[in-house]
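**Q** turn this into a model:
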Amino acid sequence: MQAPSARNTQSWHFVVITKRALLDKIPQVHPYAEMARQAQAGILVCGDLDIEPSVEYNALNCAAATQNILLAAHDKGLGAVWIGIHPREQRKQAMRELFELPERIVPISLIMLGHPADESTPVNRFEKDRVHQNKW
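**A** Numbers count the residues shown, from 1 in each chain. Here you go, the predicted structure:
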């Protein structure tokens with residue numbers, strides 16, 4: 001909840017998922033969430049349209065919060081995977097139904113958490129040609 005947010009609205013809500021039955025249902029409604037079957041927990045990151053009426057700003061706010069959660073999980077030695085929901089309407093509707101979300105709540109992302117099966121080495125994704133100084 002320390003993430004920056006557009007207009008400082010802090011419009012996020014978090015659904016912590018620990019019930020095995022719910023984790024096992026996620027891959028049935030999201031094509032890229034098979035890892036939920038092995039996860040120990042999940043966090044559904046949602047934006048609240050009553051707090052921030054812009055879906056676009058909610059998406060940005062929740063993306064910042066999602067990144068903070070991923071960094072915190074890594075710091076704790078946990079494995080974490082970011083699963084996109086927004087802007088796919090079918091995925092958003094499936095999450096609304098599965099987690100009984102009120103209409104004003106927009107599911108943005110899903111994070112699966114667990115203990116990594118093996119030690120992975122960090123990947124260097126720095127691309128020097130994507131950094132521009134003062135102009136393109």
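
**Q** remind me, longest strand of the protein?
**A** strand 105-114 (DSSP state E).

**Q** just the mean pLDDT for stretch 81-98, thanks.
**A** In this model, stretch 81-98 has a mean pLDDT of 98.

**Q** quick one, what contacts residue 27?
**A** Residue 27 sits next to 33, 34, 36, 37 when contact means CB atoms under 8 Å, 6 or more residues apart in numbering. Placement of C-beta: from N, CA and C, glycine included.

**Q** what separates the residue most central in space within the chain from residue 43, distance-wise?
**A** Among the residues of the chain, the one closest to the centroid is residue 109, at 3.1 Å (CA atoms, centre = their mean). Residue 109 sits 9 Å away from residue 43, going by CB to CB, to the nearest Å.

**Q** can you show me the helices along this structure?
**A** Along the chain, the segments classed as helices by DSSP state H run 20-29, 55-75, 89-98.

**Q** now for the second one, which elements pack on it?
**A** Using 3 or more CB pairs under 8 Å, 6 or more residues apart in numbering; DSSP states H and E as the contact criterion, the secondary-structure elements in contact with helix 55-75 are strand 12-17, strand 41-48, strand 79-84, strand 105-114.

**Q** quick one: closest of those strands to residue 94.
**A** strand 105-114 (8.8 Å; CB to CB).

**Q** distance from the chain centre to the closest one, please.
**A** In terms of CA atoms, centre = their mean, to the nearest Å, the centre of strand 105-114 is set 4 Å apart from its chain centre.

**Q** who are the packing partners of that strand?
**A** Packed next to strand 105-114, using 3+ CB pairs under 8 Å, 6+ apart, are strand 41-48, helix 55-75, strand 79-84, helix 89-98.

**Q** how does it look with 6 Å?
**A** strand 41-48, helix 55-75, strand 79-84 (3 or more CB pairs under 6 Å, 6 or more residues apart in numbering; DSSP states H and E).

**Q** looking at the ones you listed, which is nearest to residue 115?
**A** Across the helices and strands packed on strand 105-114, residue 115 has its closest neighbour in strand 79-84 (6.5 Å, CB to CB).
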